[in-house]
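Enquirer: okay, here's the prediction I keep looking at, along with the sequence it came from:
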Amino acid sequence: MSEITRRILSWYGSDNPGTLSKLAALMNHGRLAGTGRFVILPVDQGFEHGPARSFAPNPPAYDPSYHFQLALDAGCNAYAAPLGFLEAGAAEFAGEIPLILKLNNSDSLYSGADPCPAITGSVDDALRLGCSAIGYTIYPASAARNEMYGDLRELTQEAKRKGLAVVVWSYPRGSGIGKEGETAIDVVAYAAQIACQLGAHIVKVKPPTAHIEQAAAKKVYEKEKIPVGTFAERVKHVVQSAFGGRRIVIFSGGEAKDEDAIYDEIRGIRDGGGFGSIIGRNSFQRPKDVAVKFLQKVMDIYAGKVK
Amino acid sequence: MSEITRRILSWYGSDNPGTLSKLAALMNHGRLAGTGRFVILPVDQGFEHGPARSFAPNPPAYDPSYHFQLALDAGCNAYAAPLGFLEAGAAEFAGEIPLILKLNNSDSLYSGADPCPAITGSVDDALRLGCSAIGYTIYPASAARNEMYGDLRELTQEAKRKGLAVVVWSYPRGSGIGKEGETAIDVVAYAAQIACQLGAHIVKVKPPTAHIEQAAAKKVYEKEKIPVGTFAERVKHVVQSAFGGRRIVIFSGGEAKDEDAIYDEIRGIRDGGGFGSIIGRNSFQRPKDVAVKFLQKVMDIYAGKVK
Amino acid sequence: MSEITRRILSWYGSDNPGTLSKLAALMNHGRLAGTGRFVILPVDQGFEHGPARSFAPNPPAYDPSYHFQLALDAGCNAYAAPLGFLEAGAAEFAGEIPLILKLNNSDSLYSGADPCPAITGSVDDALRLGCSAIGYTIYPASAARNEMYGDLRELTQEAKRKGLAVVVWSYPRGSGIGKEGETAIDVVAYAAQIACQLGAHIVKVKPPTAHIEQAAAKKVYEKEKIPVGTFAERVKHVVQSAFGGRRIVIFSGGEAKDEDAIYDEIRGIRDGGGFGSIIGRNSFQRPKDVAVKFLQKVMDIYAGKVK
Amino acid sequence: MSEITRRILSWYGSDNPGTLSKLAALMNHGRLAGTGRFVILPVDQGFEHGPARSFAPNPPAYDPSYHFQLALDAGCNAYAAPLGFLEAGAAEFAGEIPLILKLNNSDSLYSGADPCPAITGSVDDALRLGCSAIGYTIYPASAARNEMYGDLRELTQEAKRKGLAVVVWSYPRGSGIGKEGETAIDVVAYAAQIACQLGAHIVKVKPPTAHIEQAAAKKVYEKEKIPVGTFAERVKHVVQSAFGGRRIVIFSGGEAKDEDAIYDEIRGIRDGGGFGSIIGRNSFQRPKDVAVKFLQKVMDIYAGKVK
Amino acid sequence: MSEITRRILSWYGSDNPGTLSKLAALMNHGRLAGTGRFVILPVDQGFEHGPARSFAPNPPAYDPSYHFQLALDAGCNAYAAPLGFLEAGAAEFAGEIPLILKLNNSDSLYSGADPCPAITGSVDDALRLGCSAIGYTIYPASAARNEMYGDLRELTQEAKRKGLAVVVWSYPRGSGIGKEGETAIDVVAYAAQIACQLGAHIVKVKPPTAHIEQAAAKKVYEKEKIPVGTFAERVKHVVQSAFGGRRIVIFSGGEAKDEDAIYDEIRGIRDGGGFGSIIGRNSFQRPKDVAVKFLQKVMDIYAGKVK
């Protein structure tokens, strides 16, 4: 096992060997194995945004097998999806790639000011399907946050007892903040902190903007002159906010955009000390050979093989 | 076992042999045995709409035995009903036809903007009554959807452990969408996707119209030029939205209408690659001999015996 | 459903529809479907006698798939085997033939005067594997009989609650009787009665001889002039001893012997009102095409198609 | 995943994806990854024979870390040990090598004619420690066999539900057979069959001798002319006895002996179609560099790299 | 925390921080705090030998408070006793000294060849009383050993989950060995190994003699020339047998004897690398001031303050 992998594991001293072995599995698979960096393929958009919005741009992606194969071909660290998508391929691809079972999900046929996903899977499902981790979304800033935090607490406790890792998608959203605030640097940093405090091993946040949402925070950012001007600086601040860099923080890719814009973002994450990316639409909405090349270039940027 | 039946079973690799054998039982019974197509008789209208609205047009149908016999005589794949209706005939008809126990139901003595059915049976009831599957209704677009999804999750996990199949009625309804939206093509396709993601083996949706409800979806349908002009095209899109065709999707018959209109709809389902129909009011509200002939013609259309 | 099947089911009025449907499934599968007669393929000899003694005479039978296929090709009502043999084919053959999970088994590497099989499976295993019934062996006349009866009682209660049927192999053996007594007419009749009293739906006994083992019984057989001279008379007496013919009693084939001897025995069972046979070694130790012809002739004798 | 690995997984169709992924992990680790062959390091001798008898010949082996490192350095598929030995290194070596938790063990401070190991760990311990499989020893031919089979049954059911694999050490021993009988070809083949019928995924037996222990078996071996003259022929017969080759059978190394004798044995296992070896004393009682070379030569014989 | 304490804790990498903190508490209390050495006061003789045999030589010791105070005054690391004795003082002395709840105990009103203590407390009792560890006695060589090992396994799993440490008294005794064998060097070393394999954090054994009990062991001790001539050499061998020194092994004081003999024994334990002593009768059967002086001299020997 590489030095960096071992160092990262050392941050999780309260976890049992089962959970540590799953974290190691996530770090030791694929093209970035042993680098301490991550590129994870998440495909929950079918549930979250609907099938046409997710898969029509690249119709083979309607088939759940497609995503297992894409994650494998590209050399991702892991593949994350809701229950149904994992059930539809877990036997066929058993043992080929680490899996993360998303345990809660929101659809967009109903939406309110204060979102709260439904619980759609269990820790025992994760064991049954051979997953390495559970995934869970929280929406800090939603009036329903306490219900989400509480459910996460129970799932986390069970997952850790049963030797699984916990990945938390921490996306501030709801009546507590404005739209611009969802990606504000103070809010994203705060979201990372909350997920860590709730016991997450791996935290996924959105790429932060330079906007500062909360007045009380703004005063401190200004007084302490926290550098958040460049994207890399903001990433660095988010990573620092995740227990001084002692928790794995990865960044979502967001809406589909052009490749160069993404590569720049990846460089910013890398240079700011981020641990990697979780890239959904930007990978599975392109033709597979294009997506594989794209993902591998992202990995090569993380690995320092290309600038 | 026929080639097509075996291929369909191969899509459910995460399920145990008990569940697979129940799926096989549903596919191997009746006039459509071995074709991979389904016609299921559902009778939950007594609960959902009240007895007179349901059975007065054909009074013998007040008697629960009537429906077992109708499903048998017509050669349906299965008969689905709530607890009481099944309890009233399950011993007398034991072993004669696969049964599906509807585990939740709504009555119409109370109705709100955001419907949520009551849970009216259990997985152990399904075992006790000799059922092959549990049935469950979700209403995406209802504010109460998370409660439904969460309950379904627990029932699904238990049913799969105990060797039963899971049939989900996915009917968007509630304050999240308008009336026209309930059968909009984007919404129906989304409803199919949600049910599959929640772990359904068989999904039942409404026949979709050409209407597109959600603005975000509309953009994609237009940009990607998804063909939804004809009914068969829409069926094809819904089937594709159910894991690229790797989940069984069947269509409800909806309100009673004239036979020719239904036959046309069946042809559309068949030509679009739909797996079959679940036909309630259009069968049990006609005199039995008429209903049997009607259902058998529907089956013959599916089987390709008549155009 | 045939008249006779329906009549047989009527004897089991305390059972729930789930269990009745499994009994119906056993009666409605294969070449004897609907006749109320049974030919079941049991393959527990690998466990009971060791692999070479069981399968060397016909080496393809080492492979567990072989037996599923043999039972299917011959048109048996069901296939019965221990956990491992069923696990090795239950997914591949899901839904093709009713299965009976033998829940206890003895090996012959250890043997004492008072045999007691080990429990090797559970009712939940039976559900998981899609079985129609559990099977269980009791050895009346063993000092350990109470342990067997007690375990059976618990398994039977659970199986009936979960909608499964119960098949009991009732083989008197142990320090309570002599070797000749194991197949004595009074003992076999008594064994059938015990299994029925313990709640079995289907009882399997050995073909009885004219020997009468117990002095107290002998007096009655003589005084009441119970006819046990011919094999058919003895079968009739055993069937009568199983609740006046209101429980299904089937007969084991015993050690491999020549076909004509077996056909004669089958005629005796048929003429005495026995419900059928469970034929292991005499089928799977012959080449498959020979075995299929042999089993089908047995079925034809039961069905009255040949004399 | 290699063709052979995939074929082996296909034999376990009743298992969930979790268990399949653990079987895949065992087959895809180390020097023999992807060959369908196994060399496993087991170290339970400290418990079974005492520390001095086990570790004095190579004192660094008193330290539990030593064995994790040895298994890693040699490129074994997995390392198997009791609770204490795994607890003493599972965190330090998390994710480095598949682990098998031996759940029962016997010490030799007490010994009776009919051995029965103590249960010394649980399935939840295996999850907590990040193990891929549980291990369990049965002693067919012991008067206590039913207790062992019964406990194994419960552990197996739990392990399979929680997504773990099951490895059974099947060592006939006890008052049912003589000393010579413990390795007799008929007895070893029978032991393999019993373990498979009890639901084992991987079976470990002793290398069989040409002796035939049981009179009833001897008749069959002679009549059917089963070839058991050479060691490779005997291995072939044992593999055939394990469900016609559809279960993984590996062989123990037995007492420490000279290397050439072992290499010959390995060639016999390979040529007879055995799946590999579990080699304890012959590896950890040699100096580590010698042991690594020795184990790697064993692997190379299995892989066909050397004759 | 001292270097040595930290190093010792590092051997228990599979344990959660709760258990580690309790081990640290045991090492950081009293006169030997921070040295990695232990002197523990155990008082279970009232239960084991009866009150008069235990307390008549020093009547104040009938009062349970006496022992808490003695352990405190002497500066012991911990005080160990059965439920009743701890309940009688745990509130009064709350927070003053680490406590170990002995969870099983034997009285001597009944004795058989194969001893098996009664379970007399629970892990929840230990939490309720504020204990740092549970204590448990096993008697390897007893025919009842499997029952003891099995119960310990369950208690250990629970204690570790609930953040407690586990101390095992491993005293071979029973029909498997002779009286002299109970303290034979091979048997004591084996007893230490067994306790470690069962998951003990701290193992207590008897001071070993030079006698070797088991023939199979004797051969190895002679062949490998394991030095066991002096007491310190034997201690060293026992410590090595406890996972190469990576588990804490302490030694009982045995029957009351004169002080100089004990000091010599302590020097042997110290020089052999033993971790300390558990001294009952030799302390509480002396007047308190004498006992305190005696225990403190023992501690000073361990600490190297006196020769």
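Expert: Right, received. Where do you want to start? Residues are numbered from 1 along each chain as shown, chains lettered A, B, ... in the order given.
Enquirer: near chain D, which residues of the stretch 51-200 of chain A show up?
Expert: A:90-91, A:94-96, A:124, A:127-131, A:161-163 (Cβ under 8 Å from any Cβ of the partner chain). The C-beta positions use only the backbone N, C-alpha and C, and glycine is treated the same way.
Enquirer: most proximal residue of chain A with respect to chain C?
Expert: residue A:91 (9.7 Å; Cβ to the nearest Cβ).
Enquirer: next one: the closest residue to that residue other than its chain neighbours, what pLDDT does it get?
Expert: Leaving aside its sequence neighbours, residue A:91 sits nearest to residue B:13 (Cβ to Cβ, 6 or more residues apart in numbering or on different chains; 3.3 Å). If you check residue B:13, the pLDDT there is 96.
Enquirer: related to what we said a few turns ago, so the residue of chain A closest to chain C sits in a strand?
Expert: No - under the criterion used here (DSSP: H, G, I helix; E, B strand; the rest coil), residue A:91 is coil, not part of a strand.
Enquirer: how close does it sit to residue C:288?
Expert: 30 Å (Cβ to Cβ, to the nearest Å).
Enquirer: stretch A:191-205 vs chain E: in contact?
Expert: No - Stretch A:191-205 does not reach chain E (Cβ under 8 Å from any Cβ); its nearest approach is 13.2 Å.
Enquirer: show me how far that stretch is from its chain's centre.
Expert: 10 Å (Cα atoms, centre = their mean, to the nearest Å).
Enquirer: and the end-to-end length of it?
Expert: 7 Å (Cα to Cα, to the nearest Å).
Enquirer: in it, which residues are buried?
Expert: A:191-196, A:198-205 (16 or more other Cβ atoms under 10 Å in any protein chain shown).
Enquirer: residue A:91 and residue C:288: which is more packed in?
Expert: residue A:91 (23 against 17; other Cβ atoms under 10 Å in any protein chain shown).
Enquirer: tell me the pLDDT at that one?
Expert: 97.
Enquirer: which residues sit in contact with it?
Expert: B:13-14, D:16-17, D:20 (Cβ atoms under 8 Å, 6 or more residues apart in numbering or on different chains).
Enquirer: please repeat the previous calculation with a cut-off of 10 Å.
Expert: A:129-130, B:10, B:12-15, C:91, D:9, D:13, D:15-18, D:20-21 (Cβ atoms under 10 Å, 6 or more residues apart in numbering or on different chains).
Enquirer: residue A:41 versus residue A:286, what's the distance?
Expert: Counting by Cβ to Cβ - residue A:286 and residue A:41 are separated by 12 Å.
Enquirer: could you pull out the residues contacting both of the two?
Expert: A:70, A:295.
Enquirer: these two: who's more crowded?
Expert: The neighbour count for residue A:286 versus residue A:41, taken as other Cβ under 10 Å, is higher for residue A:41 (26 against 20).
Enquirer: is the residue lying closest to residue A:163 once chain neighbours are set aside in a helix, a strand, or coil?
Expert: Of all residues not flanking residue A:163 in the chain, residue A:18 sits nearest, at 2.1 Å (Cβ to Cβ, 6+ apart). At residue A:18 the chain is in helix, as set by three-state DSSP.
Enquirer: what residue in chain A is the furthest from its centre?
Expert: Centroid-distance maximum for chain A: residue A:223 at 31.5 Å, with Cα atoms, centre = their mean.
Enquirer: could I get the full set of strands for the stretch 151-300 of chain A?
Expert: A:165-170, A:202-205, A:248-252, A:276-278 (DSSP state E, counting those that start in this stretch).
Enquirer: switch these over to TSV; also include distance to residue C:83 and mean pLDDT.
Expert: TSV is the format used below for these (distance: least, Cβ to Cβ, whole Å; pLDDT from 0 to 100):
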stretch	distance to residue C:83	mean pLDDT
strand A:165-170	33	98
strand A:202-205	39	98
strand A:248-252	42	97
strand A:276-278	42	97
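Enquirer: what's the closest of the ones you listed to residue A:77?
Expert: strand A:276-278 (7.6 Å; Cβ to Cβ).
Enquirer: okay, now the sheet partners of that closest one, with direction.
Expert: strand A:38-42 (parallel), strand A:248-252 (parallel) (DSSP bridges).
Enquirer: figure out how far the last one is from the centre of its chain.
Expert: Right, strand A:248-252. For strand A:248-252, the distance to the chain centre is 5 Å (Cα atoms, centre = their mean).
Enquirer: and for stretch A:173-181?
Expert: 20 Å.
Enquirer: the residue lying closest to residue A:14 once chain neighbours are set aside: what's it in contact with?
Expert: Excluding its sequence neighbours, the residue lying closest to residue A:14 (Cβ to Cβ, 6+ apart) is residue E:17, at 5.1 Å. Residue E:17 is in contact with A:13-15, E:24, E:163, counting by Cβ under 10 Å, 6+ apart.
Enquirer: any regions of the stretch 51-200 of chain A where pLDDT drops low?
Expert: Judged against pLDDT under 70, the stretch 51-200 of chain A has no low-scoring part.
Enquirer: make it 90
Expert: A:111-112 (pLDDT under 90).
Enquirer: up against chain E, what does it have?
Expert: A:160-161 (Cβ under 10 Å from any Cβ of the partner chain).
Enquirer: and the residue most central in space within chain A, how far from residue D:196?
Expert: Geometric centre of chain A, nearest residue: residue A:204, 3.5 Å, by Cα atoms, centre = their mean. Using Cβ to Cβ, residue A:204 is found at 44 Å from residue D:196.
Enquirer: same check, this time on residue A:14
Expert: 41 Å.
Enquirer: again with residue A:122
Expert: 31 Å.
Enquirer: and for the residue in the stretch 151-300 of chain A positioned nearest to chain B, the neighbour number?
Expert: Residue of the stretch 151-300 of chain A nearest chain B, by Cβ to the nearest Cβ: residue A:151 (9.5 Å). Residue crowding around residue A:151 was assessed by other Cβ under 10 Å; the count is 18.
Enquirer: spit out the contact partners of residue A:100.
Expert: With Cβ under 10 Å, 6+ apart, residue A:100 has these contacts: A:22, A:26, A:40-42, A:77-81, A:86, A:126, A:131-136, A:164-167, A:202, A:278.
Enquirer: can you give me phi and psi for it?
Expert: With angles defined as degrees, to the nearest 10, residue A:100 sits at phi -120, psi 120.
Enquirer: helix or strand for the closest residue to it other than its chain neighbours, which one?
Expert: Nearest residue to residue A:100 in three dimensions, chain neighbours excluded: residue A:80, at 3.7 Å (Cβ to Cβ, 6+ apart). In this assignment (DSSP states H and E), residue A:80 forms part of strand A:78-81.
Enquirer: ok, that strand: who's next to it in the sheet?
Expert: Partners of strand A:78-81 in its sheet, by DSSP bridges: strand A:38-42 (parallel), strand A:99-102 (parallel).
Enquirer: in PDB, list the C-alpha atoms belonging to the longest one.
Expert: Think strand A:38-42. Below are the C-alpha coordinates for strand A:38-42, written out as PDB (Å, rounded to 0.1, in the frame of the first residue of the first chain):
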ATOM      1  CA  PHE A  38     -10.400   9.900  -6.500                       C
ATOM      2  CA  VAL A  39     -12.600  10.000  -9.600                       C
ATOM      3  CA  ILE A  40     -15.900   8.500  -8.900                       C
ATOM      4  CA  LEU A  41     -18.800   7.900 -11.300                       C
ATOM      5  CA  PRO A  42     -22.100   8.700  -9.800                       C
END
